[in-house]
Structure formats: C-alpha cells, structure tokens
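# got a sequence here, can you build the structure:
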Amino acid sequence: MKRLLLPAVALSILTLAGCANTSGYSGDVYRGSQAKTGQSVTYGTIVAIRPVQIQAESRAGGLLGSGGGAVIGGLLGSQVGGGSGRQLATVAGALGGAVAGTATEDAANRVDALEMEIRRDDGTDVVVVQRADRQFQAGQRVRLIGNGASMSVAPY
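Numbers count the residues shown, from 1 in each chain. Below you'll find the model as predicted:
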C-alpha cells in the first residue's frame, strides 16, 4: 500500500504543476489594481496578426514540475537492480524525472495567443500580444485600452 501512495502523491504534485493562472493574458480580464482606474482608449485597425504562444509563469517557480518529476523518477529508478546499481538507477531516475517534469510543466503553462500589429488612427503602430480567446482579423477596427505595459485589444 505504501508503494502506491507515494507515486500517487507525486503524480498529484505534477498535475498541480500545470495550474498557472493564465486568465490574466485575456483582453477580457482585468487585475484588481486596474479596477476603478481611468484607462486611456485609442482606436485603430489591425494591420497584421499572427498566432503565437505565451509561456505563463509557474506559481511555484517550476519547483512542482521538477520536484514531482524527480520524486516519480527516483521511485521508478529504485525499483531497478539491487545494491549500488539500485542507488545509481534511483539517482538517474530522479535526474531524468526532474527534466521530464520541468518540460511537462512548461508545456502545460503555454497559452495560445495572438500578436496583433495595430495602426492607430494617429498613424502610429503598436503591437499587442494577448490570449487568443476572441476572433480578430486583419482590417478589423479595434479599441486599444490602457497604455504602456498594460494594454488590451477589444472589438470596436
């Protein structure tokens, strides 16, 4: 029973590793600090658009994926051989598991997004990247809400 409990716990940790909050990359989601503040609005036309991905930050700084992977890999490695061979297999399994866990967490934390080049009505261009949770197309009129490091695109 104990042999089944530890892998189940480690797998649960790996599952949680992919739980980055990606809703903030949407043009439809505001941070609490943006509520009840004035946002500037400009208008423009989408000149070019291309699909991209945003690599979301892990809430645990990547520790859940690498740590959970190391635990699972170490457990699997410890099932191989005996004596010093078992110790080497455990270490190799832990290292391989950490690498695999990190890669799994990174893949789970990628968000489909759009890079939109927008020509404002004043003739200047701006590029905004946001989550691809809404349909946009070249030639579409849009509103640009915010400025600087916090700008979102919304249909006009």
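
# please count neighbours and contacts with C-alpha atoms only from this point.
Noted.

# which ones are touching D122?
Counting by Cα atoms under 8 Å, 6 or more residues apart in numbering, D122 makes contact with nothing.

# check which helix or strand covers it.
For D122, there is no host helix or strand (DSSP states H and E).

# and the pLDDT for it?
On the pLDDT scale, D122 is placed at 96.

# cool, I72 as well?
I72 is given a pLDDT of 74.

# what about it, which helix or strand?
Using DSSP H and E, I72 falls in helix 63-77.

# surely Q130 and S152 touch.
Yes. Q130 lies in contact with S152 (Cα atoms under 8 Å); the separation is 7.1 Å.

# mind showing which ranges of this structure have poor pLDDT?
Where the chain drops to pLDDT under 70, the residues are 1-28, 30-31, 33-36, 57-71, 73-74, 77, 81, 90, 93-94, 97-109.

# wasn't A113 part of a helix?
No. Judged by DSSP: H, G, I helix; E, B strand; the rest coil, A113 forms no part of a helix; its state is strand.

# my read is that it contacts Q135, right?
No. The pair A113 and Q135 does not pass the contact test of Cα under 8 Å, sitting 10.9 Å apart.

# settle it for me: which of these two has more neighbours?
A113 (20 against 7; other Cα atoms under 10 Å).

# next, count neighbours for A132.
18.

# swap that for G83, please
Neighbour tally, G83, other Cα under 10 Å: 8.

# same thing with V47?
Neighbour count for V47, taken as other Cα under 10 Å: 18.
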